[in-house]
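Chemist: predicted model and sequence follow; I will ask about them next.
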Amino acid sequence: DAKTTQPTSMDCAEGRAANLPCNHSTISGNEYVYWYRQIHSQGPQYIIHGLKNNETNEMASLIITEDRKSSTLILPHATLRDTAVYYCIVELSYIPTFGRGTSLIVHP
Amino acid sequence: DAGVIQSPRHEVTEMGQEVTLRCKPISGHDYLFWYRQTMMRGLELLIYFNNNVPIDDSGMPEDRFSAKMPNASFSTLKIQPSEPRDSAVYFCASSLADLVLNTEAFFGQGTRLTVV
């Protein structure tokens, strides 16, 4: 019973924005939305998280819909080094549990 | 801080042998997690500790797996006896519980275990 649904794979041209969607229709009011990514052969890396408001940091922006049933991770100017598996996680506690994520390929 | 440190990075062992994986969390972090990653099953949470105490080990696949955290700066994951199906990448992660900021987990580089 996955809490999130993500496309299996996506691709994006280098320099363009990558928009990665995530559905979490059963999210509860106090659960956060987290995004991690995993570059090949490395451990997962935290990107960003949010509760209700949109968030932005040096890596990405997180847009959460008003009803909180879906969100989008935006990499504003994707580079080849952004090729990775991106995981959307909904959690209440401090225990990240991972689904299959979206494999993003950034091509020249 | 150097981040979460795992050792060894690679381990090749024969079936039936004991394997011990090690993890040093980030200083000051009070949560420690062990994960296993395979192509078939993805990234699975095996066990996690809070303040050195095991909280949930429901993800540990069998009695052959055991984990300890004798102090705040060290944890081990042991497999005895090892089997070929235990071949995977094992990740350790740590985090700091913060009720205000709800912070993230930091992962080590993983240990790639091959059981032949």
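Modeler: All right, it came through fine. Residues are numbered from 1 along each chain as shown, chains lettered A, B, ... in the order given.
Chemist: use CA for all of it now, contacts and neighbours both
Modeler: Noted.
Chemist: which residues sit in contact with residue 81?
Modeler: I went with chain A, as the question did not name one. Applying Cα atoms under 8 Å, 6 or more residues apart in numbering or on different chains, we find A:R81 in contact with A:V106.
Chemist: wrong one, I was asking about chain B
Modeler: B:15-19, B:64.
Chemist: if you set the cut-off to 7 Å instead, what comes out?
Modeler: Residues near B:P81 by Cα atoms under 7 Å, 6 or more residues apart in numbering or on different chains: B:16-18, B:64.
Chemist: just put these in CSV and tack on secondary structure.
Modeler: Formatted as CSV, the contacts of B:P81 follow (DSSP: H, G, I helix; E, B strand; the rest coil):
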residue, secondary structure
B:G16, coil
B:Q17, coil
B:E18, coil
B:R64, coil
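Chemist: hey, what's A:S103 bridged with?
Modeler: Counting by DSSP bridges, A:S103 is bridged to A:S9, A:V85.
Chemist: got the contacts of B:P81 as a markdown table, with distance to chain A and pLDDT columns?
Modeler: A markdown table is the format used below for the contacts of B:P81 (distance: Cα to the nearest Cα, whole Å; pLDDT from 0 to 100):
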| residue | distance to chain A | pLDDT |
| --- | --- | --- |
| B:G16 | 27 | 97 |
| B:Q17 | 25 | 98 |
| B:E18 | 24 | 98 |
| B:R64 | 23 | 96 |
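Chemist: all strands for the chain, in order.
Modeler: Went with chain A since none was named. Along chain A, counting by DSSP state E, strands occupy A:9-13, A:18-23, A:32-38, A:45-50, A:55-56, A:61-64, A:70-75, A:84-91, A:102-107.
Chemist: my bad, chain B
Modeler: B:5-7, B:10-13, B:19-24, B:31-38, B:42-50, B:53-56, B:65-71, B:74-79, B:88-95, B:105-107, B:111-115.
Chemist: nearest spatial neighbour of the residue in chain A that chain B sits nearest to, skipping sequence neighbours?
Modeler: Closest residue of chain A to chain B, Cα to the nearest Cα: A:G43 (5.0 Å). Closest residue to A:G43 apart from its sequence neighbours, by Cα to Cα, 6 or more residues apart in numbering or on different chains: B:Q109 at 5.0 Å.
Chemist: give the contact list for that neighbour.
Modeler: By Cα under 7 Å, 6+ apart, the contact list for B:Q109 reads A:42-43, B:6, B:91.
Chemist: cool, and B:L32?
Modeler: B:L32 sits next to B:25, B:48-50, B:93-95 when contact means Cα under 7 Å, 6+ apart.
Chemist: interface residues of chain A facing chain B?
Modeler: A:42-46, A:94, A:97-98, A:100 (Cα under 7 Å from any Cα of the partner chain).
Chemist: these into TSV, with extra columns for pLDDT?
Modeler: Supplementary listing: the residues of chain A next to chain B in TSV, determined by pLDDT from 0 to 100:
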residue	pLDDT
A:Q42	94
A:G43	96
A:P44	96
A:Q45	96
A:Y46	94
A:Y94	74
A:T97	87
A:F98	91
A:R100	93
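Chemist: got JSON lines for those, with neighbour count too?
Modeler: Listed next are those as JSON lines, based on neighbours: other Cα atoms under 10 Å in any protein chain shown:
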{"residue": "A:Q42", "neighbour count": "15"}
{"residue": "A:G43", "neighbour count": "21"}
{"residue": "A:P44", "neighbour count": "26"}
{"residue": "A:Q45", "neighbour count": "18"}
{"residue": "A:Y46", "neighbour count": "19"}
{"residue": "A:Y94", "neighbour count": "18"}
{"residue": "A:T97", "neighbour count": "16"}
{"residue": "A:F98", "neighbour count": "20"}
{"residue": "A:R100", "neighbour count": "18"}
